[in-house]
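J.: sequence first, predicted coordinates after that:
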Amino acid sequence: MAVMNVNPTRMQLQKLKKQLNTALRGHKMLKDKRDELMRQFLELVRQDMELRKTIEKKLRLCNAGFASAGAVMSSEVLDESLITTKQKMFASADSKNIMSVNVPVFTTKTRTDDSASTYPYGFAYTSFELDDAIEALNDTAQDLVKLAEIEKSCEMMSAEIEKTRRRVNSLEHVLIPRYTETIKYISMKLEENDRSSKARLMKVKDMLLEQAHHYSENN
């Protein structure tokens, strides 16, 4: 690992030690954030899988209901029964914060709370199979909105996890080792300078003693 291009001074050494401590704290915080994001992400994935199974089951019931209705009703009557709608669904978007990620929150509401408005036809000339299909389709619509919310949240959290992972790796494998090697290099340089200074001082002392007393301290 290459050391930083800095002057090997004591002031620079203290500065790098403080920066290393900051990097170590940041590394721990980012690792904790990454782990919590992963936990939240896996929980959302679990919800997504369960909701997908529920939706697939409801859609199978819906398709079976429409198929059965088509078998007992004429295509003209079936088309006429479904050509208009009584009920409408409205969706609104908000957001919530999960570990600094603003994930979407979708809410739905219908124009009326009257359950009869779900069926856009009268019951005199239609089959109960069509009623079951319409009910399953109505339930599925709300689940699909929830599924969209979960999957968009998973997408955004996945991107944040990847970004956090890159930062953790950068600190762990690049920045922290570089700080460590630079601190080691400066420490060695300072120790070498101290030894050189001590040797020079001893040499100067010997010269002064020899000049003053005509002898060397080593004699």
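T.: Thanks, I have the structure now. Numbers count the residues shown, from 1 in each chain.
J.: where does the protein dip in pLDDT?
T.: For the chain, applying pLDDT under 70 flags the ranges 1, 86-87, 113-125, 213-219.
J.: and the strands in it?
T.: 89-98, 101-110 (DSSP state E).
J.: the first one packs against which elements?
T.: Helices and strands touching strand 89-98, as assessed by 3 or more Cβ pairs under 8 Å, 6 or more residues apart in numbering; DSSP states H and E, comprise strand 101-110, helix 128-170. Bear in mind the C-beta positions are built from the backbone N, C-alpha and C, glycine included.
J.: name the stretch among these that sits most buried.
T.: A comparison of those by mean neighbour count, using mean count of other Cβ atoms under 10 Å, puts helix 128-170 on top with a mean of 17.
J.: okay, the angle between it and strand 101-110?
T.: Helix 128-170 and strand 101-110 meet at an angle of 170 degrees, taking axes from the mean of the first three to the mean of the last three Cα atoms, to 10 degrees as the criterion.
J.: on that earlier part again, for the strands of the chain, which one sits closest to K17?
T.: Judged by Cβ to Cβ, the one of the strands of the chain that comes nearest to K17 is strand 101-110, at 33.5 Å.
J.: run through who's touching that closest one.
T.: Residues from elsewhere that reach strand 101-110 (Cβ atoms under 8 Å, 6 or more residues apart in numbering): 37, 87-97, 117, 141-142, 145-146, 148-149, 152-153, 156-157, 160.
J.: first to last residue in stretch 79-95, what's the distance?
T.: With Cα to Cα, to the nearest Å applied, stretch 79-95 spans 39 Å between its terminal residues.
J.: and that stretch, how far from the chain's centre?
T.: From the chain centre to the centre of stretch 79-95 is a distance of 34 Å (Cα atoms, centre = their mean, to the nearest Å).
J.: same question for stretch 97-104.
T.: When C-alpha coordinates are averaged (Cα atoms, centre = their mean), stretch 97-104 and its chain have centres 9 Å apart.
J.: what about it, how long is it end to end?
T.: Length of stretch 97-104, first residue to last, Cα to Cα: 9 Å.
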